[in-house]
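Novice: Generate a structure from the sequence data that follows.
(2 chains)
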Amino acid sequence: MTQYIVLSAILFTIGCVGVLTRRNAIVVFMCVELMLNASNLALVTFARQHGNLDGQVAAFFVRVVAAAEVVIGLAIIMTIFRTRRSASVDDASLLKY
Amino acid sequence: MTFWILAPLMVAAALGLLFVRKAVHAAMLLAVVMISLAVLYALLEAPFLFAVQIIVYTGAILMLFLFVLMLVGVDASDSVVETIRGQRLMATVVGLLFGAVLVIGIGQVGLGTAVGLEEANAGGNVDRLADILFSRYVFAFEATSALLITAALGAMVLAHRERVSAKPTQASLAAQRLRDYAEHGKPLGPLPAPGVYARHNAVDTPALLPDGTIAESSVSRVLAARGTVRSAPALADDIHEVRRQLGDDVSMPATAGKDGAAANTTEDVTTPDGSHTDGEDSK
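Specialist: This is a model prediction of the structure:
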């Protein structure tokens, strides 16, 4: 089971670096999704490791929260794009205008 | 075995997420990771999560990403200029350190033998999950429904745009057209159609005005900006091209036109300098 956890850690790290380096807000969002999925993999692995389903339920909740987060996040990105004509996270440096 | 095939694939796709320029490619790579993860869930005795992963992630969330990408513009690629100097290098170093700490930490913890889910999944994985979800986690489940409703409302509020001016009606549009005609002399009728010639009548062929110049308004502005509008002199030259081809096939095109008048069609092409050319085309 260790290899699953290691894979989960690697995916989480890659998602983390992506959030730090990428500029396009949508790609940053995809990296956040990758991190959430990596944590899901760890949860499901631990569920099997310990022989109960709590981990799978937790993964289910993480997924619901991720779906809600994507909906709101993409709506915010669309709103910012509508006013600034740009999806770059560097351009959105002010709260107004 | 399946794990060792999928794991390198997933890591490669995830790394690609860091390096591809176009956001659409990133979405495709993310789809690879998601589907591979679904297969891993199936391996980890989580058939419900396997199905939900494919339906929700690759089916709904990635489609949402692609929708937004299409709205924002597919060519919205990342800039290569660093706003903060050395940010990329620092982020990579921090990321590598973080990953190393995680992997070494996991390596030092002995997980022991896995218990497996045969006992917990007895009677079906979905049934057992439902038992837990609607007993121990029922309040969390209810809170989730509140969260989803809030998210749906939030998306509606954020995507909504207040109309700042009245919706144009047919009458107001007609009045505006007449006002434009009175003030700027903008023609009231429809725009001229594209040119119709012997060999071209596509939308990229401009119509010719009586003095032989191009009617700019007869072709779409998009085509003009793209630079794919055919030039009228080139169209007029076509008649020479046709004649040359006929000269190869027919021995004497000039006399052939007189002899077999019924079998010939005569086309008139106006050249840009206003002169009139009679072309004879034997069919």
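Novice: So what's the residue count around residue B:225?
Specialist: Number of residues near residue B:225 (other CB atoms under 10 Å in any protein chain shown) recorded here: 9. All C-beta spots, glycine's among them, are computed from the backbone N, C-alpha and C.
Novice: Revised request: answer the last question for residue B:181.
Specialist: By the criterion of other CB under 10 Å, residue B:181 has 13 neighbours.
Novice: same thing with residue B:162?
Specialist: If you count neighbours by other CB under 10 Å, residue B:162 ends up with 4.
Novice: ok, the residue in chain A positioned nearest to chain B to residue B:128 distance?
Specialist: Closest contact between chain A and chain B, by CB to the nearest CB, is at residue A:51 (3.0 Å). Residue A:51 sits at a distance of 12 Å from residue B:128 (criterion: CB to CB, to the nearest Å).
Novice: Those two: which has the busier surroundings?
Specialist: Set side by side, residue A:51 and residue B:128 show more neighbours around residue B:128, with 20 against 15, by other CB under 10 Å.
Novice: Please name the nearest non-neighbouring residue to residue B:92.
Specialist: Take residue B:92 and drop its neighbours on the chain: the residue closest to it by CB to CB, 6 or more residues apart in numbering or on different chains is residue A:17, 6.2 Å away.
Novice: Quick check: pLDDT value at the one you found.
Specialist: Listed pLDDT for residue A:17 reads 92.
Novice: where's it, which helix or strand?
Specialist: Here residue A:17 sits within helix A:2-21, counting by DSSP states H and E.
Novice: Next: residue B:52.
Specialist: Secondary structure from DSSP H and E places residue B:52 in helix B:47-52.
Novice: Packing partners of whichever helix or strand comes after that helix?
Specialist: The helix or strand immediately downstream of helix B:47-52 is helix B:62-72, counting by DSSP H and E. Judged by 3 or more CB pairs under 8 Å, 6 or more residues apart in numbering or on different chains; DSSP states H and E, helix B:62-72 is in contact with helix A:25-50, helix A:54-84, helix B:23-43.
Novice: deepest of the ones you listed, which one?
Specialist: The highest mean neighbour count among these, using mean count of other CB atoms under 10 Å in any protein chain shown, belongs to helix A:25-50: a mean of 23.
Novice: Could you figure out how far it is turned away from helix B:62-72?
Specialist: Angle, helix A:25-50 to helix B:62-72, by axes from the mean of the first three to the mean of the last three CA atoms, to 10 degrees: 170 degrees.
Novice: Quick one: mean pLDDT for helix A:25-50?
Specialist: Mean predicted lDDT for helix A:25-50 stands at 91.
Novice: try stretch B:125-141
Specialist: pLDDT averaged over stretch B:125-141 gives 90.
Novice: Contacts for it next, please.
Specialist: The contact list for stretch B:125-141 (CB atoms under 8 Å, 6 or more residues apart in numbering or on different chains) reads A:53-54, A:56-57, A:60-61, B:45-48, B:117, B:120-122.
Novice: Wait, residue A:53 touches residue B:115, no?
Specialist: No: Residue A:53 is beyond contact range of residue B:115, at 11.7 Å (criterion: CB atoms under 8 Å).
Novice: Of these two, which one has the most company?
Specialist: Shown here are residue A:53 and residue B:115; by other CB under 10 Å, residue A:53 has more neighbours (24 against 15).
Novice: tell me the contacts of the more buried one?
Specialist: A:47, B:117, B:120-121, B:125, B:128-129, B:132.
Novice: CSV for the helices and strands packed on helix B:62-72, including distance to residue A:13?
Specialist: As requested, the helices and strands packed on helix B:62-72 are exported to CSV (distance: least, CB to CB, whole Å):
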stretch, distance to residue A:13
helix A:25-50, 8
helix A:54-84, 18
helix B:23-43, 14
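Novice: Can you tell me which of those helices is nearest to residue B:10?
Specialist: Each of the helices and strands packed on helix B:62-72 was scored for nearness to residue B:10 using CB to CB, and the closest is helix B:23-43 (4.6 Å).
Novice: who touches whatever helix or strand residue B:88 lives in?
Specialist: Element membership of residue B:88, judged by DSSP H and E, is helix B:87-108. Identification of contacts with helix B:87-108 by CB under 8 Å, 6+ apart yields A:2, A:5-6, A:9-10, A:12-14, A:16-17, A:20-21, B:82.
Novice: got the angle for that helix vs helix A:25-50?
Specialist: Going by the same axes, to 10 degrees, helix B:87-108 makes 0 degrees with helix A:25-50.
Novice: could you check the angle helix A:2-21 makes with helix B:87-108?
Specialist: 160 degrees.
Novice: ok so, going back, common neighbours of residue A:51 and residue B:128, please.
Specialist: Common neighbours of residue A:51 and residue B:128 (CB under 8 Å, 6+ apart) are residue B:120.
Novice: Spell out which parts of the stretch 101-250 of chain B neighbour chain A.
Specialist: Residues of the stretch 101-250 of chain B lying near chain A by CB under 8 Å from any CB of the partner chain: B:102-103, B:106-107, B:111-112, B:114-117, B:119-121, B:125, B:128-129, B:132-133, B:137, B:140, B:144, B:147-148, B:150-152, B:154-155, B:158-159, B:161.
Novice: Write the ChimeraX selection for whichever of the residues you listed are buried.
Specialist: Buried residues within those, by 16 or more other CB atoms under 10 Å in any protein chain shown, are selected in ChimeraX with:
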select /B:102,103,106,114,117,120,121,125,128,129,132,133,137,144,147,151,155,158
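Novice: Can you tell me the number of residues neighbouring residue B:240?
Specialist: 12.
Novice: Can you tell me how far it is from chain A?
Specialist: From residue B:240 across to chain A, the span is 48 Å (CB to the nearest CB, to the nearest Å).
Novice: Equivalent analysis for residue B:190, please.
Specialist: 32 Å.
Novice: Residue B:221 now?
Specialist: As defined by CB to the nearest CB, residue B:221 lies at a distance of 20 Å from chain A.
Novice: all strands of chain B, in order?
Specialist: Secondary structure of chain B, counting by DSSP state E: strands at B:264-270, B:276-282.
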